[in-house]
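**Student:** Next come a sequence and a model predicted from it.
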Amino acid sequence: MSWKKVPQLAGYELLERLGAGARGTIHKARDRQTKRVVAIKHLVRRSAEDERFIAQAENELRVSQRVSHASIRRCYGVVRDRSWLRTRQLFLLMEYVEGRTLDHWRFGSWGELLEVFVSLARGLAAMHDAGYVHADIKPSNVLVVGGTREVKIIDLGQSCPIGHRKDRVQGTPDYMAPEQVLREPLDERTDVFNLGATMYSLLTGRVFETSMPGTPGTAGRIALQSRRGSRPPQEVNPDVPLALSRLVMACCAAGRESRPRTMAQVVSRLDLLRGRDRRGRRRSARHDREAGSRNHPWRGVAGASG
């Protein structure tokens, strides 16, 4: 469907199509009265299967309104088009963010990447404080604003209360924790695993071997796999500091009892690494001035722009 053919939502002017996902499209729009620019997720019910996507959009609004943090994208409300007491289409009004997802963001230094990791972990900690697990953290569900490097966690549709057991497997292959595959109760350590797998992919350019085959339609053949191929990040990319490599592998531990217990613990360890990075950069800058060296301490980091 062309974005120009999307039904106009009363009071809003569609500006451009931002993207498309499962059963829906997202558009940039302007409130005609307040002039505020928003993002609108538009979902259409074409079959009974679409009900779960509409339910996820409603869940995204509900969770967003219960979690207040700068790193969580806000949702303002929903507009439903009903027919015979059934939602025919739904418009979810969201905060518009001018940024790129982590899988398309190019960072210029190791310190920038650590800043993003810390902001992401703090946003997840805020969700946990409010009693929710995101349950689908991955690079494409994190937006980074260009110059400010502000982080926005998006797509809260699969979020659930801490301790909730889902009635079906939900998540993204390559990032799912074992308990998601086994449909066990989810808790803070589920997001710790998802975050660890996200950091692994950004540090190494590879995905962490998780517990679910990535082939569509294989839900009936879900099985735990060994992790023999998941080498520590430092072995894949020697520029990754050993302490960060160890943290990532701890986050990705198969048994949740072996992971950091809370996101606050992850934030604390990342903050220590940021402190070391700042001290290292100061020492390097002093060395560069004294020796005229052009080397950069973070040169060679996966994804670095130069």
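**Tutor:** Right, received. Where do you want to start?
**Student:** Find the nearest non-adjacent residue to Val144, please.
**Tutor:** Closest residue in space to Val144, ignoring its immediate chain neighbours: Trp105 at 4.6 Å, by Cβ to Cβ, 6 or more residues apart in numbering. (C-beta placed from N, C-alpha, C; glycine too.)
**Student:** Glu13 now?
**Tutor:** Arg30 (4.8 Å).
**Student:** Now that neighbour, what are its backbone angles?
**Tutor:** phi -120, psi 130 (degrees, to the nearest 10).
**Student:** was I right about it contacting Glu16?
**Tutor:** No - counting by Cβ atoms under 8 Å, Arg30 stays clear of Glu16, with 10.7 Å between them.
**Student:** out of the two, which sits in the busier spot?
**Tutor:** Arg30 (16 against 8; other Cβ atoms under 10 Å).
**Student:** For that one, which residues are in contact?
**Tutor:** 12-13, 15, 36-38 (Cβ atoms under 8 Å, 6 or more residues apart in numbering).
**Student:** Next, work out how far apart it and Asp174 are.
**Tutor:** Separation of Arg30 from Asp174 (Cβ to Cβ, to the nearest Å): 36 Å.
**Student:** Rank the helices and strands of this structure by mean pLDDT and give me the bottom one.
**Tutor:** helix 263-291 (a mean of 72; mean pLDDT, DSSP states H and E).
**Student:** residue ranges of the helices in the stretch 51-200 of the chain, please?
**Tutor:** 51-64, 110-129, 178-181, 188-204 (DSSP state H, counting those that start in this stretch).
**Student:** And the average pLDDT for the third one is what?
**Tutor:** Per-residue pLDDT values over helix 178-181 give a mean of 93.
**Student:** can you give me the offset of that helix from its chain's centre?
**Tutor:** Averaging C-alpha positions (Cα atoms, centre = their mean, to the nearest Å) puts helix 178-181 18 Å from its chain's average.
**Student:** from the contacts of Arg30, which ones fall inside helices?
**Tutor:** Among the contacts of Arg30, no member is found in helices (DSSP state H).
**Student:** between those residues, which is closest to Ile26?
**Tutor:** Minimum distance to Ile26 across these is 10.5 Å, recorded for Val38 (Cβ to Cβ).
**Student:** Beta-bridge partners for that closest one, please?
**Tutor:** Note on Val38: beta-bridge partners Ala29, Glu95, judged by DSSP bridges.
**Student:** Quick one, which of the helices of the stretch 51-200 of the chain gets closest to Arg168.
**Tutor:** Nearest of those (Cβ to Cβ): helix 51-64, 9.1 Å.
**Student:** The closest one vs helix 110-129, what angle?
**Tutor:** Between the axes of helix 51-64 and helix 110-129, defined by axes from the mean of the first three to the mean of the last three Cα atoms, to 10 degrees, the angle is 100 degrees.
**Student:** pLDDT of helix 51-64, averaged?
**Tutor:** Computed over helix 51-64, the average pLDDT equals 92.
**Student:** Give me the buried stretch members for that helix, please.
**Tutor:** Residues of helix 51-64 classed as buried by neighbour count (16 or more other Cβ atoms under 10 Å): 53-54, 56-61, 63-64.
**Student:** Show me what that helix is packed against.
**Tutor:** For helix 51-64, the packing partners by 3 or more Cβ pairs under 8 Å, 6 or more residues apart in numbering; DSSP states H and E come out as strand 37-44, strand 75-83, strand 86-95.
**Student:** Which positions within the last one qualify as buried?
**Tutor:** The neighbour-count check on strand 86-95 (16+ other Cβ under 10 Å) flags 87, 89-95 as buried.
**Student:** same deal with the first one?
**Tutor:** The neighbour-count check on strand 37-44 (16+ other Cβ under 10 Å) flags 38-44 as buried.
**Student:** Dump the helices and strands packed on helix 51-64 to TSV, plus distance to Gly111.
**Tutor:** Below are the helices and strands packed on helix 51-64 laid out as TSV (distance: least, Cβ to Cβ, whole Å):
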stretch	distance to Gly111
strand 37-44	29
strand 75-83	31
strand 86-95	27
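**Student:** Look up the closest residue to Gln180, ignoring the ones flanking it.
**Tutor:** Gly171 is the one closest to Gln180 (Cβ to Cβ, 6+ apart), at 4.6 Å.
**Student:** so what's the one you found up against?
**Tutor:** 135-136, 158, 177, 180-181, 194, 212.
**Student:** Top of those residues by number of neighbours, please.
**Tutor:** Ala177 (29 neighbours).
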